[in-house]
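Undergrad: predicted coordinates and the sequence they were generated for:
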Amino acid sequence: MNQSYRNTRRLSTLLLSVLLTLGLLLTSPVQASEKSSFRIAWSIYVGWMPWGYGDVSGIVDKWADKYGIEIDVVQINDYIESINLYTAGSFDGVTVTNMDALTIPAASGVDTTALLIGDFSDGNDGVVLKGTDKLPDIKGRRVNLVELSVSHYLLARALDSVGLSERDVRVVNTGDADIVAAFGTRNVNAVVTWNPQLGELRQRRDANVVFDSSQIPGEIIDMLAVNSATLQANPKLGKALAGAWYEIMAEMAASNTAALEQMAAAAGTDLAGFQAQLATTRMFYSATEASEFALSPQLMQTMDRVRQFSFEHGLLGDNAGSPDVIGIELADGQVLGSRDNIRLRFNADYMRMAADGSL
């Protein structure tokens, strides 16, 4: 995420409003047709590096060939831009967090399915204070973070854990590329950020990580989402993506050094650095574990928290009257919010196919 999050969201809203007005976006899962060529966008992050490896290693092509389709896996240098491109219809799928899937494509009317749950942040995101190692001391401070991002969500959860709220601090919107430098200045004594910036701050003697995502396990979820209409019309896409993903997961679980080194190099680090990032990421190497997580009651609780936060911060649209404006369908069929406006769906079917060997 290299741009100002708020500014990018504003630009995204304007662009998508135009596209929606022109009728260029698919908003119903019954509008797509069968096709044979697909495009998937991904961006640099430890949990999404496997897609880059799957592309260069030929694993994605192997599974696409099995189902008689073509899948073009494309790296996009800016995370938010990758989601915008998917939302605008340039891609059939995108790597995205659970919150951003709700607040960008789903909130823009694009029916989106969480196809593969890859991991959740287990220490990759953290609240860092200067001069104290006690979270309650954040009260009254300015907190630099990428506003309206998962960092903002993490801050809200951290404050709630010690009986505080956002009214007790002042959020200062700061680009992720500027967070480390900002913390080094005299006037900044509280930041929230993610890896690799969090890893850099952990090395500073004056930095204290007082809360991180390991304390809210399973809430910041990284996944591959696809257009629901496209998936419904083309189940072969879901099967090929799931097959490729779990073949890559098997290589990672077996500590395939060549595979990990390729991912590390593509992420701009070395093997040790990449393994350090994996250590704070709860990867679901097993399709069984991933599908069980998708079907767990915890996911409903998490998505309820996420939609409440998103509504309170105006991320569900200017005309949203409540968190219920957008329906979120869970993998077990339960729905949060409007059943008449379901725009985000969690699907465990393809993960279960991988688990039982039926792909």
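TA: Great, that's in hand.
Undergrad: now the residue lying farthest from the centre of the chain: how far from residue 359?
TA: The C-alpha centroid of the chain is most remote from residue 186, which lies 32.5 Å away (CA atoms, centre = their mean). Relative to residue 359, residue 186 is positioned 56 Å away (CB to CB, to the nearest Å). All C-beta atoms are positioned from the backbone trio N, CA, C, and that covers glycine.
Undergrad: kindly report the same for residue 230.
TA: 18 Å.
Undergrad: between those two, tell me which one has more neighbours.
TA: Taking other CB atoms under 10 Å, residue 230 and residue 359 do not tie; residue 230 has more neighbours (24 against 20).
Undergrad: so what secondary structure elements neighbour the strand or helix carrying that one?
TA: According to DSSP states H and E, residue 230 maps onto helix 228-233. If contacts are counted by 3 or more CB pairs under 8 Å, 6 or more residues apart in numbering; DSSP states H and E, helix 228-233 sits against strand 112-121, helix 235-253.
Undergrad: for residue 27, report the pLDDT, please.
TA: With respect to pLDDT, residue 27 scores 42.
Undergrad: same thing with the one 3 residues further on?
TA: The model reports residue 30 with a pLDDT of 48.
Undergrad: ok, and the closest non-adjacent residue to residue 283?
TA: Using CB to CB, 6 or more residues apart in numbering and skipping residues adjacent in sequence, the residue nearest residue 283 is residue 119, 4.6 Å away.
Undergrad: identify the bridge partners of the one you found.
TA: Beta-bridge partners for residue 119, by DSSP bridges, are residue 222, residue 283.
Undergrad: tell me the contacts of it?
TA: Applying CB atoms under 8 Å, 6 or more residues apart in numbering to residue 119 gives the contacts 47, 221-222, 281-284.
Undergrad: again, only using 10 Å
TA: Applying CB atoms under 10 Å, 6 or more residues apart in numbering to residue 119 gives the contacts 45-48, 50, 220-223, 278, 281-285, 290, 293.
Undergrad: how close does it get to residue 48?
TA: Distance from residue 119 to residue 48, by CB to CB: 9 Å.
Undergrad: kindly report the same for residue 40.
TA: Note on residue 40: its distance to residue 48, by CB to CB, is 11 Å.
Undergrad: low-confidence ranges in this protein?
TA: 1-31 (pLDDT under 70).
Undergrad: bridged to the residue most central in space within it, which residues?
TA: Residue closest to the mean C-alpha point of the chain, counted by CA atoms, centre = their mean, is residue 97 at 1.4 Å. Beta-bridge partners of residue 97, counted by DSSP bridges, are residue 222.
Undergrad: right, and it touches residue 124 too?
TA: No - counting by CB atoms under 10 Å, residue 97 stays clear of residue 124, with 11.1 Å between them.
Undergrad: what touches both of the two?
TA: 45, 47, 150, 220, 222.
Undergrad: so who does the third one touch?
TA: Under the criterion of CB under 10 Å, 6+ apart, the contact partners of residue 150 comprise 1, 5, 97-100, 121, 124-125, 192, 194, 213, 219-222, 306.
Undergrad: what does the fourth one give?
TA: Residue 220 is in contact with 97-99, 119-122, 124-125, 150-151, 153-154, 157, 194, 213, 302, 306, counting by CB under 10 Å, 6+ apart.
Undergrad: again, only this time at 8 Å
TA: Going by CB under 8 Å, 6+ apart, residue 220 touches 97-99, 120-121, 124-125, 150, 153-154, 213.
Undergrad: now do the last one
TA: Going by CB under 8 Å, 6+ apart, residue 222 touches 45, 47-48, 95-97, 117-121, 281.
Undergrad: adding distance to residue 201 as columns, could you present those residues in JSON lines?
TA: Putting the contacts of residue 222 into JSON lines (distance: CB to CB, whole Å) gives the following:
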{"residue": "45", "distance to residue 201": "18"}
{"residue": "47", "distance to residue 201": "20"}
{"residue": "48", "distance to residue 201": "22"}
{"residue": "95", "distance to residue 201": "25"}
{"residue": "96", "distance to residue 201": "25"}
{"residue": "97", "distance to residue 201": "21"}
{"residue": "117", "distance to residue 201": "28"}
{"residue": "118", "distance to residue 201": "25"}
{"residue": "119", "distance to residue 201": "22"}
{"residue": "120", "distance to residue 201": "21"}
{"residue": "121", "distance to residue 201": "16"}
{"residue": "281", "distance to residue 201": "18"}
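Undergrad: which of the residues you listed count as buried?
TA: Among those, those classed as buried by 16 or more other CB atoms under 10 Å are 45, 47-48, 95-97, 117-121, 281.
Undergrad: just the closest of the residues you listed to residue 268, please.
TA: Relative to residue 268, the closest of the buried ones among the contacts of residue 222 is residue 45; by CB to CB it sits at 11.6 Å.
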